[in-house]
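Undergrad: Dropping a prediction and its sequence here:
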Amino acid sequence: MFIHFDNDKYSRSYYPNAPIPLQEKLSFDNVRVLHDKPIPFLSIATPVDMVTISNSSIANNPIKFVSNKAMTDYLKTNLLLYGCLFTHNGPLALIQNSVSGKSIYLKTFGNVALNGAFEAKIVNNDGKIMIDSDLAGLKK
């Protein structure tokens, strides 16, 4: 799934100096990934205030934050993952942030990893990520 605004020579969803548009309170429930290919579960290239992923089956599928170069502030995004099943057998870069200065709050609870080798990781490019997680590799 890809959440984005257009920013090309034919269409533009955001114009410089306009109020920043915000995608609000997105929810994904009972999503089941049937493959273990490293394809993003979500690719986010726009400001989003809240994303909830619940009761879903996630394999080798990161959540990626990318810039479409249209704006300078992508605002804070809250991510809530609960009741999910993680099926990947090994490390997973669950959050991959390539937006400089991006602020992300990740909260996970009630999740299950099917394989003992599963370990969630964060890949961050100069952003601020706060984590409260029950996932191996992220819990304190």
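TA: Looks like it came in fine. Fair warning: this is a prediction, and the values are worked out from it, not measured in the lab. Numbering: from 1, shown residues only.

Undergrad: Distance check, Leu138 against Thr46.
TA: 25 Å (Cβ to Cβ, to the nearest Å). Where C-beta positions appear, they are placed from N, C-alpha and C, glycine not excepted.

Undergrad: and the two? which has more neighbours close in?
TA: Comparing Leu138 with Thr46 by neighbour count (other Cβ atoms under 10 Å), the higher total belongs to Thr46, at 25 against 17.

Undergrad: pretty sure that one contacts Ile3?
TA: Yes - under the criterion of Cβ atoms under 8 Å, Thr46 makes contact with Ile3 at 5.7 Å.

Undergrad: Check the contact lists of those two and give me the overlap.
TA: Gln23 (Cβ atoms under 8 Å, 6 or more residues apart in numbering).

Undergrad: so where's the protein shaky on pLDDT?
TA: 1-2, 4-8, 10-15 (pLDDT under 70).

Undergrad: Would you list the phi and psi of the residue most central in space within it?
TA: With distances taken as Cα atoms, centre = their mean, Ile63 lies nearest the centre of the chain, 3.2 Å away. Here is the backbone geometry of Ile63 (degrees, to the nearest 10): phi -110, psi 120.

Undergrad: For Asn17, see how far away it is.
TA: 29 Å.

Undergrad: Off-centre distance for stretch 129-140?
TA: 14 Å (Cα atoms, centre = their mean, to the nearest Å).
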